[in-house]
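[1] Sequence isn't available, so here's the structure alone:
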């Protein structure tokens with residue numbers, strides 16, 4: 001079991017990393033989207049044609065909050081809805097070309113953020129960073 005000093009160290013790391021990535025900023029990576037909106041549009045992109053409930057469940061978000069975000073996306077012509085083929089009470093979400101362009105921008109800016117973050121590290125240090133992140137990923141999410 002971790003002692004209090006180790007737990008405090010993990011919490012300090014989480015605070016520092018959150019600040020470093022800019023997660024507390026109102027907008028994600030210089031776009032007009034909030035961090036939650038960014039995650040929602042990326043979720044729709046990664047998992048094509050999701051329903052609003054699937055998006056909310058996947059991100060552990062409140063369904064009404066997710067619905068409001070999706071309505072804003074539709075109003076801003078970032079996505080369209082179509083009737084679900086499997087559930088007449090639901091809709092499928094489809095990103096428009098404008099929505100896909102925003103996702104591409106988010107992806108590019110996210111990639112650049114990581115490159116900038118690690119840019120001052122040597123190749124060996126970057127590999128060590130990657131290995132540490134891979135270890136965390138495996139331990140917490142059972143991914144290899």
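    All right, it came through fine. Nothing here was measured: the structure is a model prediction, and the numbers come from that model. Numbers count the residues shown, from 1 in each chain.

[2] I'd like the secondary structure assignment at residue 93, please.
    Put simply, residue 93 is strand when judged by DSSP: H, G, I helix; E, B strand; the rest coil.

[3] ok, it - contacts?
    With contact taken as Cβ atoms under 8 Å, 6 or more residues apart in numbering, residue 93 is in contact with 44, 49, 50, 51, 52, 55, 70, 79, 80, 81. The C-beta positions use only the backbone N, C-alpha and C, and glycine is treated the same way.

[4] for it, which residues make a bridge with it?
    Counting by DSSP bridges, residue 93 is bridged to residue 81.

[5] ok, it to residue 104 distance?
    Using Cβ to Cβ, to the nearest Å, we find residue 93 at a distance of 17 Å from residue 104.

[6] The chain: helices as residue ranges?
    In the chain, the helices defined using DSSP state H lie at 4-21, 35-46, 52-59, 63-75, 97-118, 123-141.

[7] how about these, which one is nearest residue 88?
    Of all the helices of the chain, helix 52-59 sits nearest to residue 88, with 13.9 Å by Cβ to Cβ.

[8] related to what we said a few turns ago, tell me the most packed of the contacts of residue 93, by neighbour count.
    Highest neighbour count within these, by other Cβ atoms under 10 Å: residue 44, with 25 neighbours.

[9] Without its sequence neighbours, what residue ends up closest to it?
    Distances taken as Cβ to Cβ, 6 or more residues apart in numbering put residue 93 closest to residue 44, at 5.2 Å, once the chain neighbours are dropped.
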